[in-house]
Structures are given as structure tokens and as C-alpha cells.
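Trainee: Provide a 3D model corresponding to the input given below.
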Amino acid sequence: ATAWLRGRGREVDEVVVYAARPRSAFGEEVREAPEPSVLAFGSPRAVAHAARALDLASRSALRERPAAAIGSPTEAALEAHGFACRDRADPPGLEGLLEVVRDLLQRHPSR
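Mentor: Presented below is the predicted three-dimensional model:
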């Protein structure tokens, strides 16, 4: 996924949200990260952990950024956690998620 985006001239900061449990460094990474153009999520659990990290890093305003969901359960989590501009892959899966990210980048140019 990242190679596809980089191959199209996009800068990608790849951050692992959780493995078996949340990473302790994630909060600091969220605090220090540049402003994203699009947020992409592969699971409802990733949304929950990211939302908590945004709150702890005083970056809740990033919930206004376009957010891509890999499928319906993840989109529902985005809604539940207050992400305003969201779209989901259809059909669900990585290829669909990449298409959603591409579409969101076109509709919402980098700020």
C-alpha cells in the first residue's frame, strides 16, 4: 500500500497503531506527526486506539481530516469515535482501501 502511494508521488508516514496490544510509543508519535492529508484504518480496534491517542496528544481536531475505512465495521467505528469525513472500501479489503485513499486525496487536496 505504501509503495503504491509513494509511487504516485505521495509522502507516507507509516505508523503501527497496535500489535497484540497498543504500542507505548504511539502517543508520542501522534503528538509529533505532521498534519496528515488522509487517515486510513484497517480495523475498528485501530480506530479506537488512534482516537484515544489523538485525545491524549491534544490533536482531536484531526478527526476532521478525511478518513478511509477498510470496511463497514471500521467505518462504524470512525462514526462512533467522531471522525467527520469518512468513506469505506467497497468491496472491503486492501485494494478497496487504496481506492478510497486515492479518491479522498483527490477530493481533499493536501492542506
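
Trainee: ok so residue 79 is a strand residue?
Mentor: No - under DSSP: H, G, I helix; E, B strand; the rest coil, residue 79 falls outside any strand and is assigned helix.

Trainee: how much space separates residue 90 from residue 70?
Mentor: According to CB to CB, to the nearest Å, residue 90 and residue 70 sit 10 Å apart. Glycine gets a C-beta too; all of them are placed from N, C-alpha and C.

Trainee: same thing with residue 11?
Mentor: Counting by CB to CB, the gap from residue 11 to residue 70 is 21 Å.

Trainee: out of residue 90 and residue 70, which sits in the more crowded spot?
Mentor: More neighbours surround residue 70 than the other of residue 90 and residue 70, with 22 against 12 (other CB atoms under 10 Å).

Trainee: the more buried one touches residue 97, doesn't it?
Mentor: Yes - using CB atoms under 8 Å, residue 70 is in contact with residue 97, at 4.7 Å.

Trainee: any common contacting residues for the two?
Mentor: 42, 89 (CB atoms under 8 Å, 6 or more residues apart in numbering).

Trainee: find the residues that touch each one of residue 90 and residue 70.
Mentor: Taking CB under 8 Å, 6+ apart as the criterion, residue 90 and residue 70 both touch residue 96.

Trainee: which ones are touching residue 78?
Mentor: 41, 47, 67, 69, 86.

Trainee: ignore the last one, residue 42
Mentor: 70, 74, 94, 97.

Trainee: again, 7 Å this time
Mentor: Applying CB atoms under 7 Å, 6 or more residues apart in numbering to residue 42 gives the contacts residue 70.

Trainee: where does it land on pLDDT?
Mentor: In this model, residue 42 is scored at 94, pLDDT.

Trainee: quick one: residue 109 from residue 96, how far?
Mentor: 22 Å.

Trainee: of those two, give the one with the bigger neighbour count.
Mentor: Taking neighbours as other CB under 10 Å, residue 109 and residue 96 compare with residue 96 leading, 17 against 7.
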